[in-house]
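**Student:** Fold the following for me, if possible:
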Amino acid sequence: MKHLSLIIILLLVRTPCLANDLPSEYVVLLHGLARTQRSMNKMEKRLSEEGFGVINVGYPSRSKTIEELAEETIPNSIMLCREQGAQRIHFVTHSMGGIMVRYYLKDHHIPELGRVVMLSPPNQGSQIVDVFGDYLVFKWLNGPAGQQLGTDEECLPKNLGSVAFELGVITGNSSINLLLSLVIPGEDDGKVSTVNAKVDGMKDFMIIPSSHAFIMRNRDAINQTTAFLKHGSFKRE
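**Tutor:** Numbers count the residues shown, from 1 in each chain. This is a model prediction of the structure:
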């Protein structure tokens, strides 16, 4: 009985320590159009090693509009972070995931909001949608959300305005699809021009030698994402 009492006391003493070991900062990862949360696994692993709690979100990117996806996915992700005791909630997004965050934060306030890093976001849309958006194959591959990512004034990215949160944007200038790059003016990553990745109000911007499809797995992108989440700026020599 004496030994049992001692064990109970030790457990009671250690319980607060275990609670204190839980991360206070969480990162929500949002993959891009026609991708899955597996595409963000490498980013998830690194951020976890850096001490962040990570919510790597999967969502049906090809089945609904950006507005519907944002309203369904982001509140649930925030709730999961809060259930874990998050005091700050950051976002790291790839491609269309960044537009979802911009749409959501336009009309919603997140008291715990920390920093946001967008990887290759079509913040001013993509000429790929302008040229190929009406083709049946494009519509089948990308769904209703893909139709919203063009560069004309009626498309969603052009109607979201400037950002009012702490944002860092990383985009690439290396393409693995030269055919698609032919329809994009200037430097591009095969899907989005470096110019169109920018948005008014962003705090920092960086171009790295990476393609759109693989930037979320790029070592430099992961290192720079970690730096921005921790310090609010990208690391430059």
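
**Student:** Point me to the helix or strand that includes residue 183.
**Tutor:** For residue 183, there is no helix or strand it lies in under DSSP states H and E.

**Student:** try residue 179
**Tutor:** helix 178-181.

**Student:** What are the neighbouring residues in contact with residue 42?
**Tutor:** 216, 217, 222 (C-beta atoms under 8 Å, 6 or more residues apart in numbering). All C-beta atoms are positioned from the backbone trio N, CA, C, and that covers glycine.

**Student:** run the last query once more with 7 Å
**Tutor:** Applying C-beta atoms under 7 Å, 6 or more residues apart in numbering to residue 42 gives the contacts 217, 222.

**Student:** before we move on, what about residue 93?
**Tutor:** Taking C-beta under 7 Å, 6+ apart as the test, what residue 93 contacts is 30, 101, 118, 119, 121.

**Student:** so which of those comes closest to residue 110?
**Tutor:** residue 101 (10.0 Å; C-beta to C-beta).

**Student:** Quick one: neighbours of that closest one, just the number.
**Tutor:** 27 (other C-beta atoms under 10 Å).

**Student:** need the helix or strand of the chain with the lowest average pLDDT.
**Tutor:** helix 2-20 (a mean of 38; mean pLDDT, DSSP states H and E).

**Student:** That one: what's the following helix or strand?
**Tutor:** Scanning onward from helix 2-20 (DSSP H and E), the first element met is strand 25-30.

**Student:** can you give me phi and psi for the residue nearest the centre of the chain?
**Tutor:** Note on the chain: the residue nearest the mean C-alpha position is residue 93, at 1.0 Å, using C-alpha atoms, centre = their mean. When read as degrees, to the nearest 10, the backbone of residue 93 gives phi -130, psi 160.

**Student:** same question, residue 48
**Tutor:** Backbone phi and psi, for residue 48 under degrees, to the nearest 10, turn out to be phi -60, psi -40.

**Student:** swap in residue 37?
**Tutor:** phi -60, psi -20.

**Student:** Find the nearest non-adjacent residue to it, please.
**Tutor:** residue 58 (3.9 Å; C-beta to C-beta, 6 or more residues apart in numbering).

**Student:** which sections of the chain are below the confidence cut-off?
**Tutor:** 1-20 (pLDDT under 70).
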